[in-house]
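**Q** 3D, please:
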Amino acid sequence: MTSTRPQVFITRQIPRHSLEHLRSQCDCTVWADRLPPTREELLQGVRGCHGVLSLLSDRIDSEVFDAAGPQLKVISNFAVGVNNIDLAEARRRGVAVGNTPDVLTDATADIAVALLLAAARHLKPASDQVRRGEWLTWEPTGWLGCDLVGRTIGIVGLGRIGFAVAQRLVGGWGMKVIYSSRSEKDTSKIGSARRVPLDELLRQSDFVSIHTDLTEQTRGMIGAPQLALMKTTAVLVNTSRGAVIDQQALADALTRGRPMAAGLDVTDPEPLPATHPLVELPNCLILPHIGSATVAARDAMAEICAENLMAGLAGLPLRAAVVQP
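**A** Residues are numbered from 1 along each chain as shown. The predicted model follows:
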C-alpha cells in the first residue's frame, strides 16, 4: 500500500528527539553518512519529496526543485544563513523556506571570544610546542601575547551574534567598541559604541570580529587592501562565512605579520584542504565550524527545523520563515 504520509528527505543526522518527532509524522529518509550527499545523491534523495531538511553544504537550486517535483512544499535549513538556497526560485515556485535564528547566538558568540583569546595569547603554537616535546623552560620573553583590557574591538556586522560578542568583551574586559554596519544600531547596552566605515574600523581596532551575512556585496570584502590597514598587533576573528575573507590574501598577510594572528571557525571551502597555506601557519587557528556546537544550541536548532518542516507540510506559517508563500 502506498503511504499517504508526507515524504521527507533529511540530508544529515540531526539530534534524536526532533528526528523521532519527524518520523512519527512523516516518511523520512535520512542521509546517514558522515559526509554530505553528493550532488547526484542529493538530486536522487529529494525526488518525490514534500519536504527537505537541508544543511549549508547542500546547494538547493532550480535543479533540486526540478528533481523534487511540483509537490515540494518546504525547505527547512539547519542554519541561520540561507545562502545555500536559491530564495528567488523558492518564491517563484511557492516553496516555503525556514531557518533557525536566535538559538545559536550565545554559542557562536562564545566561540568568537574563545578564538580571540586563543589567537591573542598564542595558545595553538604554545600547545603544539608542548606536544612536540620542545618546551624547555619558563621564559620571560616567551609567547608574549596581547592584553584585552581596555583595547578596541571592531565588530563587522553588529547583528545578534556581533552584539553578544561586544557584550562579553565590554563586560568582561572593558573593551571599547566600534562597528561597521549597513545602519545605525542601538548600542546603549554596550557603552559608547561608534559606527565607523570599514577601513577606519580596520585601522583603529586591536581586535576585529566578523559577523556579517554572506552576500554578493560582502563576498571577499576582507582582501589584501583591507588587511594591510590592520595593526601589526591586531587579531582577526571570523565566525560568519569563510568567503567573506580572501583566504590567500589572509595567508600572505599573516606571513608578513599584519595582522598578528587570526582565528577562523569558517572557511571557504569547508573543509579547507590540508595543503592550504593557512593550515600550516602557526598564527592562524582554524576550527571545523563548531560555533553552534553545544548540546542546547543544536537541540534548539533541530526543534525549530522540525517545526518549520511540519508547518510547511501543513501549509501553515513557519516558526522562522525566510520565504513564506
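
**Q** pretty sure residue 32 sits against residue 13.
**A** Yes. Here residue 32 reaches residue 13: they are 6.5 Å apart, a contact under Cβ atoms under 8 Å. From N, CA and C alone the C-beta is placed, and that goes for glycine too.

**Q** between the two, which one's more packed in?
**A** residue 13 (12 against 8; other Cβ atoms under 10 Å).

**Q** who's in contact with that one?
**A** 19, 30, 31, 32 (Cβ atoms under 8 Å, 6 or more residues apart in numbering).

**Q** please name the bridge partners of the second one.
**A** In this structure, residue 30 has the following beta-bridge partners (DSSP bridges): residue 10.

**Q** tabulate the contacts of residue 13 (CSV), appending pLDDT.
**A** What follows is these, written out as CSV (pLDDT from 0 to 100):
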residue, pLDDT
19, 94
30, 97
31, 97
32, 93
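
**Q** show me where this protein has helices.
**A** 16-25, 39-45, 62-68, 87-93, 105-120, 123-131, 160-173, 198-204, 224-227, 247-256, 277-280, 295-313 (DSSP state H).

**Q** which other helices and strands does the fifth one contact?
**A** With contacts defined as 3 or more Cβ pairs under 8 Å, 6 or more residues apart in numbering; DSSP states H and E, the packing partners of helix 105-120 are helix 160-173, strand 207-210, strand 235-238, strand 261-264, strand 284-286, helix 295-313.

**Q** compare those and give me the one nearest residue 192.
**A** Closest approach to residue 192 among the helices and strands packed on helix 105-120 is made by helix 160-173 (10.0 Å; Cβ to Cβ).

**Q** quick one: average pLDDT of that closest one?
**A** Helix 160-173 shows a mean pLDDT of 97.

**Q** so what does it touch, helix or strand wise?
**A** helix 105-120, strand 152-156, strand 176-180, strand 207-210.

**Q** quick one: contacts of the third one?
**A** Residues from elsewhere that reach strand 176-180 (Cβ under 8 Å, 6+ apart): 150-158, 162, 166, 169-170, 185, 187, 190-198, 200-201, 204-205.

**Q** tell me the angle that strand makes with helix 160-173.
**A** 160 degrees (axes from the mean of the first three to the mean of the last three Cα atoms, to 10 degrees).

**Q** how far does strand 176-180 sit from the chain's center?
**A** 20 Å (Cα atoms, centre = their mean, to the nearest Å).

**Q** surely residue 152 and residue 205 touch.
**A** Yes. Using Cβ under 8 Å, residue 152 is in contact with residue 205, at 5.2 Å.

**Q** okay, these two: which has more neighbours?
**A** Set residue 152 next to residue 205 and count neighbours by other Cβ under 10 Å: residue 205 wins out with 28 against 17.

**Q** ok so, going back, for residue 237, which of the helices of the chain is the nearest?
**A** Smallest distance to residue 237 across those (Cβ to Cβ): 4.8 Å, for helix 105-120.

**Q** please state the offset of that closest one from the chain centre?
**A** With Cα atoms, centre = their mean, you get 12 Å for helix 105-120.

**Q** may I have that helix as PDB, with CA atoms only?
**A** Extracted as PDB, the C-alpha positions of helix 105-120 are listed here (Å, rounded to 0.1, in the frame of the first residue of the first chain):
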ATOM      1  CA  THR A 105      23.700  33.400  19.300                       C
ATOM      2  CA  ASP A 106      25.300  32.600  22.600                       C
ATOM      3  CA  ALA A 107      27.100  29.500  21.500                       C
ATOM      4  CA  THR A 108      28.600  31.300  18.400                       C
ATOM      5  CA  ALA A 109      29.500  34.400  20.400                       C
ATOM      6  CA  ASP A 110      31.400  32.200  22.900                       C
ATOM      7  CA  ILE A 111      33.400  30.600  20.100                       C
ATOM      8  CA  ALA A 112      34.300  34.000  18.700                       C
ATOM      9  CA  VAL A 113      35.600  35.200  22.100                       C
ATOM     10  CA  ALA A 114      37.400  31.800  22.600                       C
ATOM     11  CA  LEU A 115      39.100  32.300  19.200                       C
ATOM     12  CA  LEU A 116      40.000  35.900  20.000                       C
ATOM     13  CA  LEU A 117      41.600  34.800  23.300                       C
ATOM     14  CA  ALA A 118      43.400  31.800  21.800                       C
ATOM     15  CA  ALA A 119      44.800  33.800  18.900                       C
ATOM     16  CA  ALA A 120      45.800  36.800  21.100                       C
END
